[in-house]
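Enquirer: The sequence and its predicted three-dimensional model are supplied below.
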Amino acid sequence: MNLQKNTQYLVMSLIGMGLFAPASSFADTLGPYVGVLGGVNWVDDQDLSQNGLDFVEMQYNQPVDSGYATALAMGWQFSTGLRPELEVSYRKNTLTQFNHRVYEGGGSIDGEGKEEASSVMANLWYNVLDLPAPLNHVTPYVGGGLGYAVLTISGLEAGGVQFGGTHRDTVEAYQLGAGVGYELSEHWSMSVDYRYFKTREAHFGDIPNLPQGDVSTKYNAQSLMLGLRYWL
């Protein structure tokens, strides 16, 4: 977890430097593009809260056992280094354990279930460096986005007890990210991308086999993906 937090701090520092970097002309292809991304997704241990009480912590299987993220994007690269983009993404992870079970007096128990986050994001990326030859086909960038996510938890089960079917809410979300693009040809480029993705509190209402009261949680994930873009 320390590595993930340190990476998050590094990304935010790069974004701050990028905002004050001088605009210049970049070797990366300009104009409109479409892209696809895919890779692994980590979810931080996540508390379920009810009546102001964090009553259980959900722990997830992490890559490569489970956890992936995919995205489709379309955007426009300007000569100033700015790249606005619309992104549709999907993240999925499976649960492995429930910890800090307040209603059962504490302790941990093996559990099952899955969590999914489907989002629509308006992103803005910025090319932070204009590298000289022979690295002029390489483009580092930083940025972030705002949007909405549909957060879904389903199939929750522990100790033979099932906690309802599917629980879903739509919430505001944001992400920070950084990546490195590589221009393959006039129309194609590839990238390696990091995303830190977080939502506001989602509310699921009453959940069967729990005390009455709105159950809520916040989603916090990090993704590492490979991308492929086609420049129109």
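Expert: Cool, got the structure. Numbers count the residues shown, from 1 in each chain.
Enquirer: Could you identify the helix or strand that succeeds the helix or strand of the chain with the lowest mean pLDDT?
Expert: Scoring the helices and strands of the chain by mean pLDDT, DSSP states H and E places helix 2-19 at the bottom, with a mean of 46. Following helix 2-19 in sequence order, the next helix or strand is strand 31-43 (DSSP states H and E).
Enquirer: ok, the residue nearest the centre of the chain - contacts?
Expert: Taking C-alpha atoms, centre = their mean, the centroid of the chain lies closest to Phe197, which sits 3.5 Å from it. Phe197 sits next to 91, 117, 119, 173-175, 219-223 when contact means C-beta atoms under 8 Å, 6 or more residues apart in numbering. The way it works is simple: take the backbone N, C-alpha and C, and place the C-beta from them, glycine included.
Enquirer: What's the local residue count around the residue nearest to Leu30 when sequence neighbours are not counted?
Expert: Closest residue to Leu30 apart from its sequence neighbours, by C-beta to C-beta, 6 or more residues apart in numbering: Gln77 at 5.0 Å. Gln77 has 25 neighbours, counted by other C-beta atoms under 10 Å.
Enquirer: Gln77 reaches Glu85, doesn't it?
Expert: No - applying C-beta atoms under 8 Å, one finds Gln77 not in contact with Glu85, separated by 9.3 Å.
Enquirer: can you pull out the strands in this protein?
Expert: Secondary structure of the chain by DSSP state E: the strands cover 31-43, 46-50, 53-60, 68-77, 82-99, 109-127, 138-158, 161-162, 166-183, 188-199, 202-203, 215-217, 220-231.
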